[in-house]
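[1] give me the fold of what follows.
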Amino acid sequence: MDTGSSQSMDEISLVIGRAISSLISSGKRVEKDSLLEQLKLSETRAVDGMKTVYATAITLIAESDEFRLGAPRT
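    Residues are numbered from 1 along each chain as shown. Predicted coordinates for the structure are as follows:
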């Protein structure tokens, strides 16, 4: 997926990071489904161009074949 620019990728990384932080702070497990749910919730609250950033982040996570945080699973 072409995100357009490094600034766009930075914004996408930022919203994903915020969603992960939100999950952690609320005591939820950081898994693909919970991350997508959090991103979709944030997308509904977003304004202007940020909706596009959230939509792209959702697509990237949803289409990923592998979702891991931290060290690889063995």
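[2] tell me which element the residue positioned nearest the centre of the chain is part of?
    The centre of the chain sits closest to Ile16, judged by CA atoms, centre = their mean, with a distance of 3.1 Å. Element membership for Ile16 (DSSP states H and E) is helix 6-25.
[3] I'd like to know which elements the helix or strand following that helix is packed against.
    Downstream of helix 6-25, the next assigned helix or strand under DSSP H and E is helix 32-45. Helices and strands touching helix 32-45, by 3 or more CB pairs under 8 Å, 6 or more residues apart in numbering; DSSP states H and E, are helix 6-25, helix 50-63. Heads up, the C-betas are built off the backbone N, CA and C, glycines and all.
[4] and those helices: which comes nearest Leu41?
    The closest of the helices and strands packed on helix 32-45 to Leu41 is helix 6-25. By CB to CB, the value is 8.6 Å.
[5] helices and strands around the closest one, which ones?
    Other elements packing on helix 6-25 under the criterion 3+ CB pairs under 8 Å, 6+ apart are helix 32-45, helix 50-63.
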